[in-house]
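Participant: got a predicted structure here, sequence first:
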Amino acid sequence: MSSAPGSALADLVRRLSLEPKGSDVFTGTSDPAPNGRIFGGLVFAQALRAAQATVDERLPHSAHAYFLRPGDPERPIDYEVDRIRDGRSFTTRRVVARQDDEAIFNLSVSFHVEEPGPQRQIDAPVPEEISGEPYEVGLSRAIRSLGFDIPPEKIGFRALEILVEGGLDMVEAPPRDPELRCWIRTRGRLPEDPSMHAALLAYASDLTIMISAFHPLDFGVMSPGVRSASLDHAIWLHEPFRLDDWIYAVQDGPVVSRSRGMGRALFYSREGRLVASAVQEGLIRRSPARAAPKPT
């Protein structure tokens, strides 16, 4: 059973406050997961926090990760930080996440001093109205189509409020353009620490970034016979922001090829500032023998 929204956010923030374990090693834990795998966005966010713990006041500007193996939510994760470089302007860290000495995740992250310079961005397509179907409603509908009856309030990720424009199609829907737009914020106030907001956006970015890649196909990410998994993920942080205020995510999926798809996302503040960007490549496999026939 999922926690109430407020307690779910407090629990997530607690999980992003890692326990030190020796020299530059930190330990994190996961919620139980019905699919038996740790949510990849949580491992990404925890690894980013582990790297931050070895850096001064500099904040991350880019992070690039590979998901190596599924993580076991019943076991703790050890994050080993390698202090690659401490320069005058940039600091580089490498983080390996392990369970029982087996690497499950690898992250490279760069930090930058606060440095003024020229500024511009592409036009911001941020609508005036904040609206959309709640993410958990669309996810619950997809789960019910697979034969499980789980109400929206029991769905995970309750620490976040996500409103998807046009609704969330994850099983069977008419093919459409490979695009998805949604509003994201936490269900409650966050600490002032900007690195916590960065880690939570990294967490959130793994939830919807690949969905648009499925839209032109005749099946969805949760269709019977479909297997999907995050392969790698990168995020760039352009400006400070608060995730306890609304962030508008503009996402697309430009290609699916050779059992892999790509998703891209641009994250805007309500004021139209482009605050972050992300790209992910994901595994897309479908077994025709297991796929359910399309409804007539």
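Facilitator: That came in fine, so what should we check first?
Participant: now do the buried residues in the lowest-mean-pLDDT helix or strand in the chain.
Facilitator: Least confident helix or strand, the chain: helix 135-145 with a mean of 85, by mean pLDDT, DSSP states H and E. Using 16 or more other CB atoms under 10 Å as the test for burial, helix 135-145 gives 135, 136, 137, 138, 139, 140, 141, 142, 143, 145. C-beta here means a position set from N, CA and C on the backbone, and glycine is covered the same way.
Participant: could I get those residues as a markdown table with distance to residue 263?
Facilitator: As requested, those are exported to a markdown table (distance: CB to CB, whole Å):
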| residue | distance to residue 263 |
| --- | --- |
| 135 | 16 |
| 136 | 20 |
| 137 | 21 |
| 138 | 17 |
| 139 | 17 |
| 140 | 22 |
| 141 | 21 |
| 142 | 17 |
| 143 | 21 |
| 145 | 22 |
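Participant: and the two most separated of those?
Facilitator: Largest separation among the buried residues of helix 135-145 by CB to CB: 135 and 145, giving 16.0 Å.
Participant: give me the contact list for stretch 155-164.
Facilitator: Applying CB atoms under 8 Å, 6 or more residues apart in numbering, the external contacts of stretch 155-164 come out as 2-5, 8-9, 11-12, 31, 33, 39, 130-136, 138-140, 143, 180-187, 204, 207-208.
Participant: how about stretch 135-154?
Facilitator: So stretch 135-154 is contacted by 1-2, 134, 155, 157-158, 160, 162-164, 167-172, 182, 207-208, 220, 222, 224 (CB under 8 Å, 6+ apart).
Participant: just these: which are in strands?
Facilitator: If you go by DSSP state E, those have 134, 160, 162, 163, 164, 182 in strands.
Participant: out of those, which comes closest to residue 68?
Facilitator: residue 160 (25.4 Å).
Participant: thinking again about what came up before, how far off strand 160-164 does the least confident helix or strand of the chain point, in degrees?
Facilitator: On the basis of axes from the mean of the first three to the mean of the last three CA atoms, to 10 degrees, helix 135-145 is oriented at 80 degrees to strand 160-164.
Participant: please shift the residue numbers so they start at 52 in all later answers.
Facilitator: Understood, numbering begins at 52; the last thing we discussed is helix 186-196.
Participant: quick one: distance of helix 186-196 to the chain centre.
Facilitator: Its chain's C-alpha centre and that of helix 186-196 lie 18 Å apart, by CA atoms, centre = their mean, to the nearest Å.
Participant: now the end-to-end length of stretch 157-176.
Facilitator: 34 Å (CA to CA, to the nearest Å).
Participant: stretch 222-229 now?
Facilitator: Stretch 222-229 has an end-to-end distance of 15 Å (criterion: CA to CA).
Participant: one more: stretch 293-311?
Facilitator: 32 Å.
Participant: pull out the buried positions in it.
Facilitator: Buried, per 16+ other CB under 10 Å, within stretch 293-311: 293, 294, 295, 297, 298, 299, 300, 301, 302, 303, 304, 307.
Participant: now stretch 141-159
Facilitator: Neighbour-count burial for stretch 141-159 flags 142-150, 155-159 (criterion: 16+ other CB under 10 Å).
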